[in-house]
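*Asks:* model this:
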Amino acid sequence: MSQYYDLGDQTLWNPSNEASRLFMSQVTVYQAELGLPSGIGPMEADECQIDPIAFAAFVDALLAWHSKTRHAVITTLSEGFVATVLALAEKANIEVNWQAAERAESGYLKTASDPHAKEWTAALQQKSRELTRHMAT
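*Replies:* Take a look at the predicted model:
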């Protein structure tokens, strides 16, 4: 059994029921944390629609929130969800605002010339690209 995450008539992701249940539970958590709807509709008859405008706003807000988080446990707990959302955004052809995340990261490291300033964003981009391959429908 599996469920479908659709954008119009295009299926973006068709995960197992278990993966979908975990993902949707985390969507609820991060909607509350950000105070913003995700644009991911309710799962009905094993299908849900994604609103591209609301989802794009959620993706950017989630990435900005994650890039400002300096708590090691929160960062670790949220990283997988953030990477999954970014992969879904990639499949939906939603342009992600990486510059805001990079600025937040650079500001935290005190200097944009710091060679580690882009490590976090580069690692997250790599993880989301890997997940995109696993989301093939």
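*Asks:* how much space between the closest residue to residue 78 other than its chain neighbours and residue 48?
*Replies:* In this structure, residue 78 finds its nearest non-sequential neighbour in residue 66, 5.7 Å apart by Cβ to Cβ, 6 or more residues apart in numbering. Using the backbone N, CA and C atoms, a C-beta is placed for each residue, glycine as well. Going from residue 66 to residue 48 by Cβ to Cβ, to the nearest Å gives 23 Å.
*Asks:* Of these two, which one has the most company?
*Replies:* residue 66 (22 against 18; other Cβ atoms under 10 Å).
*Asks:* In contact with the more buried one, which residues are there?
*Replies:* 75, 78, 79, 82, 101, 124 (Cβ atoms under 8 Å, 6 or more residues apart in numbering).
*Asks:* Export the helix or strand hosting it to CSV, keeping only CA atoms.
*Replies:* For residue 66, the host element (DSSP states H and E) is helix 52-68. Taking Å, rounded to 0.1, in the frame of the first residue of the first chain, the C-alpha atoms of helix 52-68 are listed here in CSV:
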residue,chain,number,x,y,z
PRO,A,52,2.3,25.1,-4.9
ILE,A,53,2.0,28.7,-3.6
ALA,A,54,1.4,27.8,0.0
PHE,A,55,4.0,25.0,-0.2
ALA,A,56,6.6,27.4,-1.6
ALA,A,57,6.1,29.8,1.3
PHE,A,58,6.3,26.9,3.8
VAL,A,59,9.5,25.6,2.2
ASP,A,60,11.2,29.0,2.4
ALA,A,61,10.0,29.6,6.0
LEU,A,62,11.1,26.1,7.1
LEU,A,63,14.5,26.5,5.5
ALA,A,64,15.0,30.0,7.1
TRP,A,65,13.9,28.6,10.5
HIS,A,66,16.2,25.6,10.2
SER,A,67,19.2,27.8,9.1
LYS,A,68,18.8,29.9,12.3
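*Asks:* Show me what the mean pLDDT comes to for that helix.
*Replies:* Averaging pLDDT along helix 52-68 yields 93.
*Asks:* got the buried residues for stretch 20-35?
*Replies:* Buried residues in stretch 20-35, counting neighbours by 16 or more other Cβ atoms under 10 Å, are found at 20, 23, 24, 26, 27, 30, 31.
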